[in-house]
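K.L.:
sequence and predicted structure are below.
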Amino acid sequence: MNVFFITTSLLKIIGMIFVVILPMVSYAVYAERRVSALIQDRLGPNRVGPAGLFQPIADAAKFLFKEDFTPAQVNKFYYWLAPCLAMVPAITTIAVVPFGSTLLGVPMVIADINVGILYVFAISSLGVYGIVLAGWASNSKYPFLGGVRSSSQMISYELSLGLAVIPVFLLVGNLRLTNVVRYQIENGWMIAPFIGDWANLGKWLLAIPMITSFFVFTIAVFAETNRLPFDLPEAEQELAGGYHTEYSSMKFALFFLGEYAAMITGSAIIVTLFLGGWHLPLPSLHGGFHWLVVDGTAPGWRGVVGGLFNIATFFVKVAALLFMFMWVRWTLPRFRYDQLMRLGWLFFFEIALVNIFIVAGILAYFQF
Amino acid sequence: MLREYLPVLLQIIVAIGFAASALLVSIVVGKTGKRTGAKDSAYECGMVPQGEGQSRFSVRFYLVAMLFILFDLEIVFMYPWAVVYKEAIAQSSLVFWSMLSFISILMVGYVYALKKGALDWKK
Amino acid sequence: MSPILFWFFALLMLVFGAAVVVNRNPIASALNLVVSFLGLAALFMSLDAFFIGIIQVLVYAGAVMVLFLFIIMLLDLRAERLRKINWVASAGGVAVALALLVQIFYVIGHLTFSKQTFPPLARSEIDDVHNIGLLLFGNYNLPFQIIGVLVLVATIGAVLLSKRERR
């Protein structure tokens, strides 16, 4: 049993990192370039392979073979450590996110731990060190300013992030992310709590704070991953390149990877908390119309297909959110730093806090 | 329950291993070029670097970090509250008022910080 | 938790804790302290205190140490590196620490109840976050409110200290 447990865990981890995250990051970069081209009426990368599909492979090779240059003024050890510190948290947070139901009886989550969401926040809060260290160790002005700005922004929006999820856990009553998905299958997705209980006024009222919560969380994830309109740490016009100005070759690639991996993890968590995780009800006409919950529990090949269908559903949802990230990036201009801080500390912080008590009040009044 | 944490440890090890090996491969197969004075200097958009690399920065960043810790503590207390809320509210409404008064106490500090302009980056 | 993992995390904590003291570079010290906290968090988890363990990472490693790094950068503590090591003082410090260690060993070695074996830890089937919530909002409601006042005082202090007095 133990050997089986460790083997399946390792398979899931390696599959997650090398089969899902890494290709997804490379193709997210490619998609970002194609989407931006589409939005700006350009062509985008289309020369390497059919429709430029091999562009990420060419990019990866280029990152590897470029000169691995360490400038003379830097603090060598920390300069090398920083990219690793920026990347490792980004790809370890995904461990607690359930990306499918079960496949051949194995639950499709790497680590189903009882403090799930807190693990996500704890590990991603360690990502700040990579950025602060990159800025500090580079011993150069632009990276230093970028690093300080970035870490300040990240910790400010961590507050809204932490507050925005509380309503979800008020409803679920458990911090385990698999339980969050389970709750949503039984009671409707978090952004639409009235599903299945259409006549209940309380559930309709609940939808208002839950949707607010969803928006606050999503916007905080934008800020946390340094995406436009919150990309001040890398504001090219002011800071050249921000905290990774002095980096080149694979070390730069690790920062890039960390950033995109954080985006993927962020989307995965939004999907899990608010959009039903791997759940997608299918309409069924067998014996009257009803909604069918597909998962991996059915015997034989049906179970395998069901499990794969859940995994596919999950990643399609994540991909849709990633597309939204890109769309927003090429639509909105950047905030000024004082606007960003005011937005985080005044607007989102207060909304998220009031929101919690609205949900608590509804729960106290309707008692469901 | 502890067993569930083993995969977390494994994942961290794999992630660190991946980061280390990526850097290693890059050192091995990457090109090594000549070092020149200009290449070695800090990047300041092509100008000769002036002054120190790490300048002093505004005390506001420090203040933000400080306030972050304090409000982070408040959020940490909200998790156990959220977990037991549904169960406790069925018995009495004390749990609601308890958290409301806790947050109200902290909001005094928040309003104070706002009025003192601690979070105003424009000034 | 298997003993190997216990020894690994305990050693991790101690080695990096010592590195905090030994390092001349304050930034390096701060980072070593982060690793030490991570080891401590793992030890908490081995005692089934999952919530405390994860809070150790979230609050101490993720928030308090970021503040430390900011302060170190703000104060520009690089001068510390250039200072010479006072050998007499370090030798004295090591001697005092060793004396304390010997004392602890001596005292614990002579206590009769330190030799008894303890029953294995009772494992709770309920979530520990749930337990903490029940206690915090049941028996310990007043201390909880007092924590609120404490944090309020800290907030006011932080704002007051970092604001320049305008005349």
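P.N.:
Yep, that arrived.
K.L.:
C-alpha from now on. contacts and neighbour counts both.
P.N.:
Noted.
K.L.:
against chain B, how distant is the residue of chain C found nearest chain A?
P.N.:
Residue nearest to chain A within chain C (C-alpha to the nearest C-alpha): residue C:58, separated by 4.2 Å. To chain B, residue C:58 is 9 Å away according to C-alpha to the nearest C-alpha, to the nearest Å.
K.L.:
next one, pLDDT for that residue please.
P.N.:
Looking at residue C:58, its pLDDT reads 90.
K.L.:
that one and residue A:125 touch, don't they?
P.N.:
Yes - Residue C:58 is within contact range of residue A:125, at 6.8 Å (criterion: C-alpha atoms under 8 Å).
K.L.:
what sits closest to residue A:174 if chain neighbours are left out?
P.N.:
Once flanking residues are discounted, residue A:174 sits nearest to residue B:83: 5.4 Å by C-alpha to C-alpha, 6 or more residues apart in numbering or on different chains.
K.L.:
show me what the helix or strand where the one you found lies is packed up against.
P.N.:
Here residue B:83, judged by DSSP states H and E, is contained in helix B:59-89. Applying 3 or more C-alpha pairs under 8 Å, 6 or more residues apart in numbering or on different chains; DSSP states H and E, one finds that helix B:59-89 contacts helix A:141-164, helix A:166-172, helix B:94-115, helix C:65-75, helix C:128-136, helix C:141-162.
K.L.:
chain center to it: distance?
P.N.:
Remark: helix B:59-89 is offset 14 Å from the chain centroid, using C-alpha atoms, centre = their mean, to the nearest Å.
K.L.:
low pLDDT regions in chain A?
P.N.:
For chain A, residues meeting the criterion pLDDT under 70 lie at A:1, A:233-237.
K.L.:
still on that earlier bit, so what's the residue nearest to residue A:174 up against?
P.N.:
Residue B:83 makes contact with A:169-170, A:172-175, C:129-130, C:133, according to C-alpha atoms under 8 Å, 6 or more residues apart in numbering or on different chains.
K.L.:
which among those residues count as buried?
P.N.:
Among those, those scoring as buried are A:169-170, A:172-175, C:129-130, C:133 (criterion: 16 or more other C-alpha atoms under 10 Å in any protein chain shown).
K.L.:
these: which two are farthest apart?
P.N.:
Within the buried ones among the contacts of residue B:83, A:172 and C:133 form the most distant pair, 14.5 Å apart (C-alpha to C-alpha).
K.L.:
and the gap between the nearest residue to residue A:348 once chain neighbours are set aside and residue C:29?
P.N.:
For residue A:348, ignoring the flanking residues on the chain, the nearest one in space by C-alpha to C-alpha, 6+ apart is residue A:160 at 6.0 Å. In this view, residue A:160 and residue C:29 are 30 Å apart by C-alpha to C-alpha, to the nearest Å.
K.L.:
comparing those two, which shows the higher neighbour count?
P.N.:
residue A:160 (27 against 19; other C-alpha atoms under 10 Å in any protein chain shown).
K.L.:
which ones are touching the more buried one?
P.N.:
Listed by C-alpha under 8 Å, 6+ apart, the contact partners of residue A:160 are A:216-217, A:220, A:344, A:348-349, A:352.
K.L.:
low pLDDT regions in chain C?
P.N.:
For chain C, the stretches flagged by pLDDT under 70 are C:1, C:76-84, C:121-124, C:164-167.
K.L.:
repeat that for chain B.
P.N.:
B:1, B:51, B:53, B:123.
K.L.:
tell me which parts of chain C are close to chain A?
P.N.:
Proximity of chain C to chain A (C-alpha under 8 Å from any C-alpha of the partner chain) is limited to residues C:50-51, C:54-55, C:57-59, C:61-63, C:66, C:127, C:129-130.
K.L.:
all helices of the stretch 1-150 of chain A, in order?
P.N.:
Counting by DSSP state H, counting those that start in this stretch, the stretch 1-150 of chain A has helices at residues A:2-14, A:22-39, A:55-65, A:76-92, A:116-125, A:127-137, A:141-164.
K.L.:
please name whichever of those helices is nearest to residue C:147.
P.N.:
helix A:141-164 (18.9 Å).
K.L.:
how close does the closest residue to residue A:266 other than its chain neighbours get to chain B?
P.N.:
Excluding the flanking residues, the one nearest residue A:266 by C-alpha to C-alpha, 6+ apart is residue A:221, at 6.2 Å. Using C-alpha to the nearest C-alpha, residue A:221 is found at 17 Å from chain B.
K.L.:
can I assume residue A:221 sits in a helix?
P.N.:
Yes - judged by DSSP: H, G, I helix; E, B strand; the rest coil, residue A:221 forms part of a helix.
K.L.:
which non-adjacent residue is nearest residue A:244?
P.N.:
Distances taken as C-alpha to C-alpha, 6+ apart place residue A:143 nearest to residue A:244, at 6.2 Å, with adjacent residues excluded.
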